[in-house]
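>>> My questions are about this predicted structure, shown below with the sequence.
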Amino acid sequence: MRQISILIVCLLCPLLAVAGKVASPNGKLMAVTNGKTLTINYNNKQVLDVVDAVADGQSLVFVRKVKDDYQMVAGKRSHCVNQANEYRCGNMVLRMYNDGIAFRYESAVATQPAYRIPEGTRRWMQQWCDSYEGFFPLETTYKVTPVPSYSGISKSAEGWNNRWGYPALLEPHKDVFVLITEANIEHGQSASCLFNDGELFRVTPAATIAGKTCDHTPWRVAIIGGLKDVVESTLVTDVCEPSQIADPSWIQPGVVSWIYWAYNHGSNDYNIIKKYVDLAVALRLPYVLIDAEWDEMDKLPSNEGKTIEDAVAYAKAQGIKPLIWYNSSVGWVNGAPTPKFRLNKPEDREKEFAWLEKIGVAGVKIDFFSGDDQRNMDYCIDLLESAARHHLLVNFHGATIPRGWQRTWPNLMSTEGVYGAEWYNNVGTFTNKAACHNATLPFTRNVIGPMDYTPCAFSDSQHPHITTHAHELALTVLFESALQHLADRPESLLAQPQEVQRFFGMLPSVWDETHYLSGYPGESVVLARRRGDTWYVAGINGTDQERTFSMSLGFVKGKSVTLFADGEPWAISQPTKLPKQITCKPRGGFVIVIK
């Protein structure tokens, strides 16, 4: 009887699709074509129109059921399972997943659909710049004046900003959300952004190289559901190619001591590098990052002829794995820090990476890319392929957002593409906006992939921060990045209570599972993440008022509980039971560790 039922369903699916209506496996998402428009409904509510998505008069035809089961080296979930119903309409392939849709065009001539975002829709969208370092302010209109930016300012004829980056978070109905992005950039493809003309936000690819384009587009992705569905979704990696690394056992994520926060030019100073190696030893961190200008180390008299190889050898002798920085030399070049032009040509790149592997460098941070065009995309893929051959981890900085490469090339540990704590070094803007921004990122930027925000500073940089110590600590759990760079200076981190120092030594940077517990973009967020048999529950208050969080943690089991909460500056305790409520100061936070 069960086999007969399955046969009937399989026979009916093509008939339903030909009628113009298709559905996700769980039936919550429905799609229907109307002329050239693809309309998506969630629980019988219209949530998204994709205009110019299909050929007029053509229907969606059922193709197959998609089932995928894969492991991730890093990310919000180690074991990912998904299923979808796949349909075709002309040269468009549409997949209906339980937590969203993905579609692409199998044609060298790319169709450029547009998302209709009606005026009045609550939205969190970032004005585009090639480094994706901007805020996601809550708006209800596209009529937003361009803010100062060092790249990519674009105005409509009426004077509004009309260029937008991914991801774009919408709330078309109360408690129903749509997050728009793209995934699976391949050789011969450029990434895209959104240009709007009124309510239509058109997918607009960046420049391609003539004669070297791919025969299909990347996947256009919309994650759809409640905030829980959005935050927990793995749809961006679900549609990406499987891992190209046969044996990823050498890939070891971890927490990193990072020199830039206190010493912008400190990586040319051997003795300062030693301080950060010693910090990693004291906190039991696996990595140290040696940032820009390390190639000029022998020019400082105080270094007494020491070079990067001496710094690497010192780190290794202390049991710390070194990472080092490079200029991509395609973005900011003139006046930018060195080393430059070592990775651009394939033969130079192979020579450099072979040398790094030989002397024991664990990975590279590559900075200052120049946008989303095919040249940058091809270059990033080439870097990942070459780095994998030489067992090097990769962190793309000053770069575009992740679009699923972390599945295909799991040596990609993190990507910046975020307005992060580094900005306390640049302008005073971040001081008053950070708490709200931090409470927005788990619903926007960090949904789609790792984010090198460089969290957790208890001291001040050039510009002060006004978030609490517990808020800063919570960011190390809330913000997912397989290489989690700590922003603060050694003196500050080593002055914290022993419980906080031990926390860093035990902190995972990858997670077996992630659960959204509560929150709303810009106001607050509480997440629970598990690694092995230890749970971390973290929350932050993004507002300037005191806030009390109520939590139901019945799914969390453990005997040992440590609570880091707001105090003067800390309130650290070992309660005998899991707390059901925690009160946070304005811009405050908390972390609960359950073993």
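Right, received. Where do you want to start?
>>> Give me the buried positions along stretch 103-114.
103, 104, 105, 110, 111, 113, 114 (16 or more other CB atoms under 10 Å). Where C-beta positions appear, they are placed from N, C-alpha and C, glycine not excepted.
>>> Stretch 512-523 too?
Buried residues in stretch 512-523, counted by 16+ other CB under 10 Å: 512, 514, 515, 516, 517, 519, 521, 522, 523.
>>> now do stretch 588-595
Buried-residue list, stretch 588-595, by 16+ other CB under 10 Å: 588, 589, 590, 591, 592, 593, 594.
>>> what about residue 218, how many residues close to it?
Residues contacting residue 218 under the criterion other CB atoms under 10 Å number 27.
>>> what's near enough to touch it?
104, 182, 183, 184, 185, 186, 189, 191, 192, 403 (CB atoms under 8 Å, 6 or more residues apart in numbering).
>>> can you do 6 Å?
By CB atoms under 6 Å, 6 or more residues apart in numbering, the residues touching residue 218 are 182, 184, 185, 189.
>>> re the thing from before, which among the buried residues of stretch 588-595 gets closest to residue 124?
Of all these, the one sitting nearest residue 124 is residue 589; the distance, using CB to CB, is 20.3 Å.
>>> can you redo the buried residues of stretch 588-595 as a markdown table with secondary structure?
Output for those, formatted as a markdown table (DSSP: H, G, I helix; E, B strand; the rest coil):
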| residue | secondary structure |
| --- | --- |
| 588 | coil |
| 589 | strand |
| 590 | strand |
| 591 | strand |
| 592 | strand |
| 593 | strand |
| 594 | strand |
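>>> Which of these sits closest to residue 222?
residue 589 (30.6 Å).
>>> ok, now which ones touch that closest one?
Contact analysis of residue 589 by CB under 6 Å, 6+ apart lists 470, 471, 474, 540.
>>> Residue 250 too?
Contacts of residue 250 (CB under 6 Å, 6+ apart): residue 391.
>>> Which of the contacts of residue 589 fall in helices?
In helices, defined here by DSSP state H, the members of those are 470, 471, 474.
>>> Show me the shaky parts of this structure.
Applying pLDDT under 70 to the chain flags residues 1-20, 108, 150.
>>> Tell me which stretches of it form helices.
Using DSSP H, helices in the chain cover 2-18, 227-232, 235-238, 270-283, 308-317, 346-359, 374-389, 405-408, 430-438, 469-478, 490-493, 498-506.
>>> Keeping just the C-alphas, turn the last one into PDB.
What follows is helix 498-506 as a C-alpha-only set of coordinates in PDB (Å, rounded to 0.1, in the frame of the first residue of the first chain):
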ATOM      1  CA  GLN A 498      40.500  33.200  35.500                       C
ATOM      2  CA  GLU A 499      37.000  31.900  34.500                       C
ATOM      3  CA  VAL A 500      37.100  34.200  31.500                       C
ATOM      4  CA  GLN A 501      40.600  33.200  30.500                       C
ATOM      5  CA  ARG A 502      39.600  29.500  30.800                       C
ATOM      6  CA  PHE A 503      36.600  30.200  28.600                       C
ATOM      7  CA  PHE A 504      38.800  31.300  25.700                       C
ATOM      8  CA  GLY A 505      40.900  28.200  26.000                       C
ATOM      9  CA  MET A 506      37.800  25.900  25.700                       C
END
